[in-house]
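Asks: Sequence below, structure please.
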Amino acid sequence: MRESGLLLPVFSLPGPYGIGTLGRGAFDFVDFLVKAGQRYWQVLPMTPTGYGDSPYQSCSAFAGNPYFIDLDLLAEQGLLQPGDYQSVDFGQGNPDCVDYEKLYAERLKVLRVAYERGKAQLVEELAAFEVAQRFWLADYALFMAVKTHFGMVALQQWPDRAILRSQPDARASYGALLADEVGFQVFMQYCFFTQWAALKAYANSRGVLLIGDMPIYVSADSAEVWAKPELFMLDAHRRPTWVAGVPPDLFSATGQLWGNPLYRWKHMEHDGYSWWIERVRHEAARFDVVRIDHFRGFESYWAVPAAAETAMEGKWRKGPAMKWFEAVRRALPDARIVAEDLGILTPAVFAFLENTGLPGLRLLVYGFDAGGDSIYLPHNIIDNCVAYTSNHDSPTFLEWLTVEATPEQAAFATDYLRLNDAEGLSWGAVKSVWGSCAHLAIAAFQDVLGLGGDARINTPSTLGNNWRWRVRAEAMNGGLCDRLRHITAVYRRNGLR
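Replies: Take a look at the predicted model:
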C-alpha cells in the first residue's frame, strides 16, 4: 500500500508556552494530517534533551521529555491554576523559536506546583505507573533526583563515589534522603506518558499512525550508564573509554565526535540482548512504527578513543548485526521497524539491511550529483523504503537548492524535478517523493511550507542554534490541506480519505 506523511518534531508544534507540547497543538496537527489526507506523523526522539539541547544526547533511553507535558491539560485535571503558569516567561515572546534557557529556568518550577497538588490524590495511579515501568523508572527517578541534588553536574563529576557507582547502600541512603524529589521525577513521567497515551489514542482513532525515533546510543551522563555500567565501555568511574562518532563526512572534514559511550556487544550477546529487547518493546508500545537511528552501527561502528580530540582517530569495529536483529525479532515479531541507513554505506551494510528485510531511507536532498546516478533519486528509489524530501540533520530542500548546492547540482535538480517559482521550488521535491515507488513517502513540514535555512532543525557538528525551530498555527491552513490532499490522491497514496 502506498502511503505518505509528514515529519514534524513535537517541540516544533505551535503553542502558547515556549515549546510544542502534547496538548492542543498536537491534537490540532493530527486533525490537519487527516484533512490533508496523510497517514503518518513522524517525530524526533521524545526523551529528555541533553548536551546542546539534543534529543540524541539524552539522560535516558526510556524517559519522556518533561518539557512536552502540556500545562493546560494539567490545569484541566485541577493540578494547576491559570495564575501558576499563564504569565510565566517560557520564551513565548518569539513564537518561531524554542528558548531552552528560559524553559530550563521556569518549566520545572511550574511542574513542581502541579506535583505538590497532585501527589496525594494520584497515589494509586503513580504506584501503578511505577509497576508498569519498573524496568527503567526506578533507576531513572533516583538518578535524576541525585543529579538534581548535586546541582545537575554530569554523573562523572558527582562528589560521592559510592552513589556515583550506584552501590546498594548509597542508593538506599539517597533514596530515603531524596524521596520527595524521586516522587517528583516519577510524577513528571506519569504526566508525560498519560498525555502521550491520550494523544496516540486520538491519532489512531482518526487513522493517523505515529513514527517514533530511537537513537542508537545514550549519553555518558545517563541513568543507563549509572545503573547498568556493564552494558558500556567504561572505566571504574563511569567514564567512557571508547565513544561513538563517524569518520570524515559531508558535514565535517574531521568527522563527527558524538561522545556517546559504546556498547559491550559481547556482554549483551551473553544475556540475549535483553536490554535492547526491552528498549525496542518500550518504543514499539509508544509508537506504531519505530525508526532506529544510525542502523548501520549494528553492522559496524566507528569507535573513537575517549581522549581523542577529533573523530579522525577512530576505527571501524564489527557490530552484532544479525545476531542482534534475530534476537529482537524473535522477542518482538510484530514490531514495525524502519532502519535509518544513511551515512557511509558499504557492501556489508547493504547486505545486513537486505537480510533484515527492513525498509531503509532515501533522502532526496542527497541525490543530485550532477555527474552520477544516485540511489536517492526518485527513479532509483525502491518500494521497500521510506523516501524523504529532507530530514532533521539535512538542510531543508530550499536551503539545499539555493545555498548549499553547486550551480551544476541546482541546475540538475531544477531540470529533474521541473521546479518553478510559480509552484514553489520545494513543492517539486514533495511531488517527486510522492511519485516515487517507495511504499511510504515523508516530507519534512518545512519543505511542504517552502522554508529555507531559518527553519533547519539541526546542523551536525555545530552547537547553539539547533533543535529550536517552531511552526505557527496559521501555517496549517485550508489551502495547504487541499494541496497536500490533492497530490496524495494523484500519486495514489491513500487516496482521498
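Asks: Could I get the full set of strands for the stretch 1-150 of the chain?
Replies: 3-7, 40-42 (DSSP state E, counting those that start in this stretch).
Asks: oh sorry, the question was meant for the stretch 201-350 of the chain
Replies: Under the criterion DSSP E, counting those that start in this stretch, the stretch 201-350 of the chain contains strands at 209-214, 242-246, 256-261, 289-292, 300-305, 315-318, 337-339.
Asks: Mean neighbour count, distance to Q157 and mean pLDDT added to those strands, as JSON lines?
Replies: Where C-beta positions appear, they are placed from N, C-alpha and C, glycine not excepted. Below are these laid out as JSON lines (neighbours: other CB atoms under 10 Å; distance: least, CB to CB, whole Å; pLDDT from 0 to 100):
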{"stretch": "strand 209-214", "mean neighbour count": "21", "distance to Q157": "28", "mean pLDDT": "98"}
{"stretch": "strand 242-246", "mean neighbour count": "23", "distance to Q157": "17", "mean pLDDT": "94"}
{"stretch": "strand 256-261", "mean neighbour count": "22", "distance to Q157": "15", "mean pLDDT": "92"}
{"stretch": "strand 289-292", "mean neighbour count": "22", "distance to Q157": "31", "mean pLDDT": "98"}
{"stretch": "strand 300-305", "mean neighbour count": "20", "distance to Q157": "21", "mean pLDDT": "96"}
{"stretch": "strand 315-318", "mean neighbour count": "12", "distance to Q157": "28", "mean pLDDT": "96"}
{"stretch": "strand 337-339", "mean neighbour count": "23", "distance to Q157": "36", "mean pLDDT": "98"}
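Asks: mind putting those strands in TSV, distance to A179 included?
Replies: Formatted as TSV, the strands of the stretch 201-350 of the chain follow (distance: least, CB to CB, whole Å):
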stretch	distance to A179
strand 209-214	31
strand 242-246	35
strand 256-261	30
strand 289-292	34
strand 300-305	40
strand 315-318	42
strand 337-339	39
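Asks: I'd like the strands of the stretch 1-150 of the chain laid out as CSV, including distance to G183.
Replies: Converted to CSV, the strands of the stretch 1-150 of the chain look like this (distance: least, CB to CB, whole Å):
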stretch, distance to G183
strand 3-7, 36
strand 40-42, 33
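Asks: Out of the strands of the stretch 201-350 of the chain, the one nearest R39 is which?
Replies: Checking the strands of the stretch 201-350 of the chain against R39 by CB to CB gives strand 209-214 as the closest, at 6.2 Å.
Asks: Which residues outside the closest one are in contact with it?
Replies: Strand 209-214 has contacts (CB atoms under 8 Å, 6 or more residues apart in numbering) with 5, 39-46, 55, 200, 203-204, 279-280, 283, 286-293, 338, 442.
Asks: From the centre of this structure, point out the most distant residue.
Replies: Distance from the C-alpha centroid of the chain, by CA atoms, centre = their mean, peaks at D169 (35.4 Å).
Asks: Please identify the buried residues of the helix or strand hosting that one?
Replies: Per DSSP states H and E: D169 is located in helix 168-177. Of all the residues in helix 168-177, those buried under the rule 16 or more other CB atoms under 10 Å are A170, R171, Y174, G175.
Asks: helices or strands up against it?
Replies: On a contact count with 3 or more CB pairs under 8 Å, 6 or more residues apart in numbering; DSSP states H and E, helix 168-177 meets helix 137-149, helix 161-164.
Asks: where does it sit relative to the chain's centre, distance-wise?
Replies: In terms of CA atoms, centre = their mean, to the nearest Å, the centre of helix 168-177 is found 33 Å from the chain centre.
Asks: And stretch 466-483, by the same measure?
Replies: Worked out by CA atoms, centre = their mean, stretch 466-483 lies 20 Å from the chain centre.
Asks: What residues of it count as buried?
Replies: N466, W467, R468, W469, R470, V471, A473, M476, L480, C481, R483.
Asks: Can you get me a residue count around Q77?
Replies: Residues lying near Q77 (other CB atoms under 10 Å) number 14.
Asks: which SS state does A443 fall under?
Replies: strand (DSSP: H, G, I helix; E, B strand; the rest coil).
Asks: tell me which residues form a beta bridge with it?
Replies: Under DSSP bridges, the beta-bridge partners of A443 are L6.
Asks: what's the angle between whichever helix in the chain runs longest and strand 209-214?
Replies: Looking across the chain with DSSP state H, the single longest helix is helix 179-205. Taking axes from the mean of the first three to the mean of the last three CA atoms, to 10 degrees, one finds helix 179-205 and strand 209-214 inclined to each other by 140 degrees.
Asks: just to revisit the earlier point, not counting its neighbours along the chain, what's nearest the residue farthest from the centre of the chain?
Replies: Spatially, and ignoring its direct neighbours in sequence, D169 is nearest to A162 (7.0 Å; CB to CB, 6 or more residues apart in numbering).
Asks: Counting neighbours, what do you get for that neighbour?
Replies: The number of residues packed near A162 is 14, by other CB under 10 Å.
Asks: my guess is it contacts Y174, does it?
Replies: No: using CB atoms under 8 Å as the test, A162 is too far from Y174 to be in contact (9.1 Å).
Asks: Which residues are in contact with G18?
Replies: Counted by CB under 8 Å, 6+ apart, G18 has contacts F90, G91, Q92, V98, D99, K102, L103, R107.
Asks: Report the buried residues of the longest helix of the chain.
Replies: Across helix 179-205, burial judged by 16+ other CB under 10 Å covers 181-196, 198-200, 203.
Asks: and among the helices and strands packed on helix 168-177, the most buried is which?
Replies: Comparing these by mean neighbour count (mean count of other CB atoms under 10 Å), helix 137-149 ranks first with a mean of 22.
Asks: Relative to P333, which of the helices and strands packed on helix 168-177 is closest?
Replies: Nearest of the helices and strands packed on helix 168-177 (CB to CB): helix 137-149, 26.1 Å.
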